[in-house]
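S.K.: Can you look at this prediction? I've put the sequence above it.
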Amino acid sequence: MVSERVGQYIERKKISYYAFENSLGASRGSISKAVKEGKSIGSNVLENIMNQYTDINPNWLLTGQGEMLLESEGILHNRSIETFRLKSDNAIENQHIPLYDIEAVAGLVPLFQDSKSQQPIDHISIPHLPKCDGAVYVTGDSMYPLLKSGDIVLYKEIHDIKNEIFWGEMYLLSIDMSEEEYITVKYIQKAEKEGCVRLVSQNKHHQDKDVELSKIKALALIKASIRINAMH
């Protein structure tokens, strides 16, 4: 039965029924009851499942044929997920992280100042990640090979830039460069010069650079990255 396969998927993904139902906007206990009692699940709910959990194989869900996950058959892009956790981070069972187009929202500063008014281009749902405020695409090669252009980084905004930097961690930041916004991803380390921080690249062809802390207009701690490799 379809409901039985839904239960198998939930078990495979290690998601609680409550989080699963909540992510779909379904009433609490509705899917859990259908699975346990072998009852049918409405077509609108099934459509939501396939739209929300894009790694599930629709053919398997509806007919039982094929593999449970699309990645297993090479139908979907293969996604590599890397997390960058602090020891104090708590994983959240399920969250819907908005994915923004930096160009469309005119930069990090306006995005961080009023993210609720910005229209995301999509949402990302990955279980057991630390709390994230949003996600954007990476451009440039300063963090290659850890990150490459086209990867997605998921971030947590830093509101008190002066006092909340974790030295040595990786950040998404906006720097004021001659009244133009320069957006980059760098490690932030302490600088010898007073009032400055050192921006360090993963790519050794990029030199370290000291910038005045006051020049950093927006800052976010990188919590995870997603690399999408097309399957052929």
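M.R.: Arrived safely.
S.K.: residues contacting the residue nearest to the spatial centre of the chain?
M.R.: Centroid-nearest residue in the chain: Leu154, 3.8 Å away (criterion: CA atoms, centre = their mean). Applying CB atoms under 8 Å, 6 or more residues apart in numbering, we find Leu154 in contact with 97, 124, 129, 132, 134-135, 222-226. Glycine gets a C-beta too; all of them are placed from N, C-alpha and C.
S.K.: The lengthiest strand in the chain pairs with which strands?
M.R.: Longest strand in the chain, counting residues (DSSP state E): strand 216-229. In the sheet, strand 216-229 lines up against strand 78-83 (antiparallel), strand 152-158 (antiparallel), strand 170-177 (antiparallel) (DSSP bridges).
S.K.: Need the residues that contact stretch 175-186.
M.R.: Defining contact as CB under 8 Å, 6+ apart, one finds that stretch 175-186 is touched by 102, 107-109, 138-140, 142-143, 147, 153, 170-174, 199-201, 211, 215-217, 222.
S.K.: returning to what we had before: want to throw the strands paired with strand 216-229 into JSON lines with mean pLDDT and distance to Ala19?
M.R.: Listed next are these as JSON lines, based on pLDDT from 0 to 100; distance: least, CB to CB, whole Å:
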{"stretch": "strand 78-83", "mean pLDDT": "74", "distance to Ala19": "18"}
{"stretch": "strand 152-158", "mean pLDDT": "95", "distance to Ala19": "18"}
{"stretch": "strand 170-177", "mean pLDDT": "94", "distance to Ala19": "27"}
